[in-house]
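**Student:** sequence and predicted structure are below.
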Amino acid sequence: MRKFIAAFQPRLFLSASFFLLAMGSCHPCFAQLANHSEPVHPGADTFYLLRPDRVFDGTQFHPGWQVLVHNRLIEAVGPSASIIPPAGAIVLDLKGMTLLPGLIEGHSHLFLHPYNETSWDDQVLKESRAERLARATVHAGKTLLAGFTTTRDLGTEGAGYDDVGLKEAIEKGIIPGPHMIVATRAIVATGSYGPKVLSYDLETIHGAAEADGMDALIKEVRTQIGKGADLIKIYADYRWGLDQQAAPTFTVDELKKVVEVAGSSGRPVVVHASTAEGMRRAIQAGVTTIEHGDGGTPAIFAAMKEKGIALCPTLAAGDAYEQYRGWRKGIDPEPLRLKKKRDNFREALASGVTICMGGDVGVYAHGDNAREMEVMADYGMKPLDVLRSATSVNADVFRIGDKVGRIKAGLLADLLVVEGDPSINISLVRKIKWVMKEGVIYQP
Ligand SMILES: [Zn+2]
């Protein structure tokens with residue numbers, strides 16, 4: 001049972017009005033809305049004065065700071081003496097708590113759910129589009145309530161352009177969810193991607209859009225842009241080598257063309273690459289982020305740093321996969337694959353390459369997004385740096401730093417209140433008091 005203090009407001013009212021809305025397993029939620037909600041109308045202008053023990057502004061911690069929110073924006077942040085709230089401001093004392101920017105998930109698949117529930121193949125082949133959208137709707141709410149007010153969703157995996165519609169439904173206030181940066185279908189080389197469990201005689205749903213060669217790639221990139229993609233995601237390698245080993249897919253020239261065509265519309269290119277050669281080609285092509293990066297070496301990470309390409313290591317996905325295969329975390333010795341990933345992450349940290357926080361959530365449960373932050377800390381990243389990755393670093397890499405990712409005057413009032421100090425224990429980002437998105441409070 002979860003409670004949303006959610007906004008169902010026409011755009012005109014911004015955050016001036018909100019409803020207390022109970023949602024959960026109870027059947028007629030619309031009846032609940034009609035019978036039990038308590039609309040509160042503080043007036044045309046709503047000011048919140050937030051008084052936590054400390055503020056993490058996206059970069060540093062500041063004990064004793066306060067934050068003033070005005071409607072959907074942050075009005076002021078600083079030492080308490082410097083902030084003069086207007087009469088009628090709603091004062092929220094947050095004793096013992098930390099106020100942070102709303103977290104940014106760097107790698108989600110809202111249209112997938114954990115593979116130990118249903119395999120990826122079965123999700124893509126057997127679940128209807130309606131079911132997948134229904135699940136994604138639930139996942140969006142869970143993501144927001146977990147403190148993630150923005151997500152970069154990297155491919156619908158067979159659900160077409162439905163991420164665009166989901167994003168629009170959230171923006172219109174129809175359902176609660178994070179701000180979304182969407183990839184739509186993603187692009188793969190013909191023959192490389194799944195599902196592959198059926199006879200090759202059958203033409204079936206594809207997990208992503210197949211395109212090859214300059215003309216087809218140009219057309220596919222432009223098609224996805226036209227359908228609403230905020231970025232282009234392409235697979236530089238996949239498990240299509242002999243013995244199902246990961247092997248490169250596109251040539252450097254193909255990747256370069258995708259970067260050129262996406263870039264001329266102002267869109268970044270995100271590359272799935274787990275082999276060293278896939279990463280090298282992506283670097284040569286000048287992409288914006290590399291996802292996974294398991295094959296990275298110190299030289300490759302140095303090249304990424306030099307070209308300003310960020311790494312999104314998706315550590316939690318590997319951690320989940322191994323457990324689905326039977327590894328009992330904390331009991332059995334760490335599997336070789338995870339040991340390698342741990343070393344690989346340490347090399348990335350040492351290289352100084354920019355590291356995003358993105359876990360490939362969907363492989364594991366939506367709402368459990370903090371898992372990636374915990375594994376990052378476990379693998380050697382300082383909690384403060386993990387918090388930076390999940391806020392200001394992600395915002396800058398995803399080119400949304402002018403809107404979110406920091407507690408700064410003029411940015412959206414996307415905020416998170418947690419108990420204690422997560423720079424000491426990163427798992428405290430799970431101890432959520434409430435989440436604010438554009439000035440509206442949601443309570444888990
Ligand atoms: Zn992914």
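**Tutor:** All right, it came through fine.
**Student:** dump the residue contacts of Asp201.
**Tutor:** With contacts taken as CB atoms under 8 Å, 6 or more residues apart in numbering, Asp201 has no neighbouring residues. Backbone N, C-alpha and C define where each C-beta goes, glycine included.
**Student:** mind listing the helices for the chain?
**Tutor:** Secondary structure of the chain (DSSP state H): helices located at 29-36, 120-126, 129-145, 162-171, 213-227, 252-264, 276-285, 298-307, 315-324, 336-351, 370-378, 383-388, 394-397.
**Student:** centre of the chain versus the third one, how much separation?
**Tutor:** It stands for helix 129-145. Here helix 129-145 is found 14 Å from its chain centre; the criterion is CA atoms, centre = their mean, to the nearest Å.
**Student:** and it, what does it pack against?
**Tutor:** Under the contact criterion of 3 or more CB pairs under 8 Å, 6 or more residues apart in numbering; DSSP states H and E, helix 129-145 touches strand 2-6, helix 162-171, strand 432-437.
**Student:** over to the shortest one?
**Tutor:** Judged by 3+ CB pairs under 8 Å, 6+ apart, the packing partners of helix 394-397 are strand 103-108, strand 148-153.
**Student:** quick check: angle from the last one to helix 162-171?
**Tutor:** Spelled out, it's strand 148-153. 160 degrees (axes from the mean of the first three to the mean of the last three CA atoms, to 10 degrees).
**Student:** mind listing what strand 148-153 pairs with, with the direction of each?
**Tutor:** Applying DSSP bridges to the sheet, strand 148-153 is found paired with strand 103-108 (parallel), strand 179-182 (parallel).
**Student:** between those, which one is nearest to His272?
**Tutor:** strand 103-108 (9.8 Å; CB to CB).
**Student:** reformat the helices and strands packed on helix 129-145 as CSV; add distance to Ala377 and mean neighbour count.
**Tutor:** Below are the helices and strands packed on helix 129-145 laid out as CSV (distance: least, CB to CB, whole Å; neighbours: other CB atoms under 10 Å):
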stretch, distance to Ala377, mean neighbour count
strand 2-6, 27, 19
helix 162-171, 29, 19
strand 432-437, 18, 23
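**Student:** and the ones you listed: which comes nearest Gly64?
**Tutor:** strand 432-437 (18.4 Å).
**Student:** ok, back up a step: mind putting the helices of the chain into CSV with mean pLDDT and distance to Val404?
**Tutor:** Output for those, formatted as CSV (pLDDT from 0 to 100; distance: least, CB to CB, whole Å):
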stretch, mean pLDDT, distance to Val404
helix 29-36, 28, 28
helix 120-126, 97, 30
helix 129-145, 98, 13
helix 162-171, 98, 14
helix 213-227, 98, 23
helix 252-264, 98, 22
helix 276-285, 98, 26
helix 298-307, 98, 24
helix 315-324, 98, 22
helix 336-351, 98, 25
helix 370-378, 98, 17
helix 383-388, 98, 14
helix 394-397, 98, 5
